[in-house]
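# Have a look at this prediction, sequence included:
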Amino acid sequence: MQYVTLNNGLKMPQLGFGVWQVPDEEATPAVAKALEVGYRSIDTAKVYQNENGVGRALAASDIPREELFITTKVWNSDQGYENTLKAFDASLERLGLDYVDLYLIHWPTPEFDEYVDTYKALEKLYKDGKVKAIGVCNFNVEHLERLLNECDVVPAVNQVECHPYLQQSELKAFCKEHDIYLEAWSPLMQGGEVLNHDVVTGIAQKYSKTPAQVIIRWHLQYENIVIPKSVTPSRIEENFNVFDFELSKEDMAEMAKLNRNQRKGPEPNEMNVR
């Protein structure tokens, strides 16, 4: 396992396991398999409606809590200072934990203009020791700038859609400048279109790896935190088996050319679902 060090000194596994779109009852065996394979970072959210399932897998595991890194998120309908504090307590209860390692704002939803107050609630949770680190998801540069100007704690992580067709280089440069780690959701791209690109399949053939393994390896070398999702045991294993090879500079240069700024998810400023 490779770790990154967040801006507050906390170590976080660079490769984690995501459970977006995994039903609650399927989350338990999927997370159990991920832990068995070697994953130590699990990423969930209130809106995924599977925190209970994740919690069941964690409770059944004999891995010491301090070796695990658990992330969850506050949903749009729970934003605002007091609402966020209540939402956090409810998430903690569903997960069956005393604390979470990383708590994130799921979307900025700028139309409702609550994300600064929400983030101030995250700062309280952090200062009270209920979370080890705080951050955001899907924040553009202007949203991050506002937090940097109006809040005290620099976000540790900005989790955004990122894959070879959406490499987020400008946002990534801003995050790096402010010591914020970029974490990639949908790292293999929803629909998997990029997995069939000739560059990706060619590199996969060269290393006797799968296209998915090549893209996960690209994320690691691109210095992203990455959280692939699967409920298929063989895929969960395959996605973790990426530490025994390395892409060359030439491979990375070829991968860089794939960027199309092509999103599959919403543009953050347009996301206003409660």
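Perfect, thanks for sending it.

# mind listing the strands in the stretch 51-200 of the chain by residue range?
69-74, 100-105, 131-137, 157-161, 181-185 (DSSP state E, counting those that start in this stretch).

# For the third one, give the mean pLDDT please.
Throughout strand 131-137, pLDDT has a mean value of 98.

# Compute the inter-axis angle for it and strand 100-105.
Put simply, strand 131-137 runs at 30 degrees to strand 100-105, going by axes from the mean of the first three to the mean of the last three C-alpha atoms, to 10 degrees.

# hmm, who's touching strand 131-137?
Here strand 131-137 makes contact (C-beta atoms under 8 Å, 6 or more residues apart in numbering) with 6, 8, 10, 12, 73, 88, 99-108, 115, 119, 122-123, 125-126, 143-144, 147, 153, 155-160, 180, 185. Where C-beta positions appear, they are placed from N, C-alpha and C, glycine not excepted.

# Let me see the ranges of the helices in this structure.
24-37, 51-60, 81-95, 115-127, 141-150, 169-177, 198-207, 211-221, 233-240, 249-256 (DSSP state H).

# In JSON lines, list those along with mean neighbour count and distance to residue 18.
Below are the helices of the chain laid out as JSON lines (neighbours: other C-beta atoms under 10 Å; distance: least, C-beta to C-beta, whole Å):
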{"stretch": "helix 24-37", "mean neighbour count": "19", "distance to residue 18": "10"}
{"stretch": "helix 51-60", "mean neighbour count": "20", "distance to residue 18": "11"}
{"stretch": "helix 81-95", "mean neighbour count": "17", "distance to residue 18": "15"}
{"stretch": "helix 115-127", "mean neighbour count": "20", "distance to residue 18": "20"}
{"stretch": "helix 141-150", "mean neighbour count": "16", "distance to residue 18": "22"}
{"stretch": "helix 169-177", "mean neighbour count": "14", "distance to residue 18": "19"}
{"stretch": "helix 198-207", "mean neighbour count": "16", "distance to residue 18": "20"}
{"stretch": "helix 211-221", "mean neighbour count": "23", "distance to residue 18": "12"}
{"stretch": "helix 233-240", "mean neighbour count": "17", "distance to residue 18": "10"}
{"stretch": "helix 249-256", "mean neighbour count": "15", "distance to residue 18": "21"}
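
# what's the closest of those helices to residue 190?
Residue 190 lies closest to helix 211-221 among those, at 13.0 Å (C-beta to C-beta).

# Packing partners of that closest one?
Counting contacts by 3 or more C-beta pairs under 8 Å, 6 or more residues apart in numbering; DSSP states H and E, helix 211-221 is packed against helix 198-207, strand 225-226, helix 233-240, helix 249-256.

# Same list (these) but as TSV, adding distance to residue 56 and mean pLDDT.
TSV is the format used below for the helices and strands packed on helix 211-221 (distance: least, C-beta to C-beta, whole Å; pLDDT from 0 to 100):
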stretch	distance to residue 56	mean pLDDT
helix 198-207	35	98
strand 225-226	25	98
helix 233-240	17	97
helix 249-256	38	98
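
# In JSON lines, list those along with distance to residue 83.
Below are the helices and strands packed on helix 211-221 laid out as JSON lines (distance: least, C-beta to C-beta, whole Å):
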{"stretch": "helix 198-207", "distance to residue 83": "42"}
{"stretch": "strand 225-226", "distance to residue 83": "27"}
{"stretch": "helix 233-240", "distance to residue 83": "34"}
{"stretch": "helix 249-256", "distance to residue 83": "41"}
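
# Nearest to residue 82, out of these?
Ranking the helices and strands packed on helix 211-221 by proximity to residue 82 (C-beta to C-beta) places strand 225-226 first, at 30.1 Å.

# got a list of contacts for that closest one?
Applying C-beta under 8 Å, 6+ apart, the external contacts of strand 225-226 come out as 4, 12, 14-16, 157, 159, 181-184, 187, 216, 219-220.

# mind redoing it with 10 Å?
2-4, 6, 12-16, 18, 41, 43, 71, 102, 157-159, 162-163, 181-185, 187-188, 215-220, 239, 242 (C-beta atoms under 10 Å, 6 or more residues apart in numbering).

# bridging residues for residue 102?
Applying DSSP bridges to residue 102 gives these bridge partners: residue 71, residue 133.
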